[in-house]
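In: below are the sequence and a predicted model; questions follow.
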Amino acid sequence: MITIAALYHFARFPDPAALRGPLLGLARAQGVRGSLLLAPEGINGTIAGPRTGIDAMLAHIRALPGCAGLEWKESTAETLPFGRMKVRLKREIVTMGQPDVDPRARVGHYVPPQDWNALISAPDVAVIDTRNDYEVAIGTFAGAVDPGTRSFGEFPDWWRQNAHRFHNKRIAMFCTGGIRCEKSTNWLLGQGVDQVFHLQGGILNYLEKVPQDQSLWHGECFVFDQRVSVGHGLVPGDNGMCHACRRPVTPADRAHPSYEEGVCCPACIDEYDDARRDRFRERMRQVRLAQSRGAAHLGADAMPDG
């Protein structure tokens, strides 16, 4: 059984590049795959591998400066949901583009999963999904506001244009694992919004802790690995991935006339020219050839960063 650990931690890393080599080397030695992002503000990512390998990686990360309080969310899978291990250097571990945001200074009120339903059901609470539009499309909380953003960096502008809608409202925010809410709640507090709350541990924590018969979650939760989505109990969902545009595809999408595996889906049918489509078809030919030989094709395994 493969152990999957989704993690993030805000810490001050004066030289993130110096941390990259040891992390990558340990992961390879332990048979761990996945994706980690390093930036001056901390670490973020998802890794998967044998139990001993994940334990070794987590111990290493907790020993990094300021990371003793690292928290992570675990799930399991039958096979490795990543094709390789990547450790990337970034300006931010989740890109918001607001230089004054500092989650280490202050964030909104954490709400445990068992208290979330009562909060978001209150009439004076506005519930905002901080994730991207393609994530919201396959699942969200009942009654949540979808900002319709294609990237997290669009959220501040969306709020400025829509803040009037939430006058005299308490704001409850949520995201996949909690990292985007660390930044978005800090930013809202800086905008003078004093009643800001966010789901502790994100949707993944909620789906693990709240029984399905008590849940206000509808659909599945997008995850940034080859599982694509998970449901209650963090069981892998029914969604696939369009390897052209990297958006999730539902069973209905795969049955649509405009769907061609690895080439296009209903969401991206008009986004690429014929030359790009031909390259996608060649990639899929190589993927199928690799599969027929019992090997993995890393081009198909590549996933977007979470």
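Out: Right, received. Where do you want to start?
In: got the contact list for Asp102?
Out: Applying Cβ atoms under 8 Å, 6 or more residues apart in numbering, one finds that Asp102 lies in contact with Glu41, Asn186. For every residue, glycine as well, the C-beta is placed using N, CA and C.
In: checking it next. Helix, strand or coil?
Out: Judged by DSSP: H, G, I helix; E, B strand; the rest coil, the three-state class of Asp102 is coil.
In: quick one: Phe10 and Pro40 touch, right?
Out: No. Counting by Cβ atoms under 8 Å, Phe10 sits too far from Pro40 to count as a contact (10.4 Å).
In: who's more crowded, these two?
Out: Neighbours of Phe10 and Pro40, each counted by other Cβ atoms under 10 Å, are more numerous for Phe10; the result is 24 against 15.
In: out of everything not next to it in sequence, what's closest to the more buried one?
Out: Of all residues not flanking Phe10 in the chain, Gly42 sits nearest, at 4.3 Å (Cβ to Cβ, 6 or more residues apart in numbering).
In: and Arg20, what does it touch?
Out: Taking Cβ under 8 Å, 6+ apart as the definition of contact, the neighbours of Arg20 are Leu38, Val87, Leu89.
In: the second one reaches Leu38, doesn't it?
Out: Yes. Distance between Val87 and Leu38: 6.6 Å, which falls inside the contact criterion (Cβ under 8 Å).
In: shared neighbours of those two, anything?
Out: In terms of Cβ under 8 Å, 6+ apart, Val87 and Leu38 are both contacted by the residues Arg20, Leu23.
In: output the helix or strand where Asp55 lies as PDB, nothing but the C-alphas.
Out: Under the criterion of DSSP states H and E, Asp55 resides in helix 51-62. Extracted as PDB, the C-alpha positions of helix 51-62 are listed here (Å, rounded to 0.1, in the frame of the first residue of the first chain):
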ATOM      1  CA  ARG A  51       5.500   4.100   4.700                       C
ATOM      2  CA  THR A  52       9.200   4.100   5.700                       C
ATOM      3  CA  GLY A  53      10.000   6.500   2.900                       C
ATOM      4  CA  ILE A  54       7.300   9.000   3.800                       C
ATOM      5  CA  ASP A  55       8.300   8.900   7.500                       C
ATOM      6  CA  ALA A  56      11.900   9.600   6.500                       C
ATOM      7  CA  MET A  57      10.800  12.500   4.300                       C
ATOM      8  CA  LEU A  58       8.600  14.000   6.900                       C
ATOM      9  CA  ALA A  59      11.300  13.700   9.600                       C
ATOM     10  CA  HIS A  60      13.700  15.500   7.300                       C
ATOM     11  CA  ILE A  61      11.200  18.300   6.600                       C
ATOM     12  CA  ARG A  62      10.300  18.800  10.300                       C
END
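In: can you count the residues close to the closest residue to Glu74 other than its chain neighbours?
Out: With Cβ to Cβ, 6+ apart as the measure, Ala5 is the residue that lies nearest to Glu74, at 5.4 Å, once sequence neighbours are left out. Using other Cβ under 10 Å, Ala5 is surrounded by 20 other residues.
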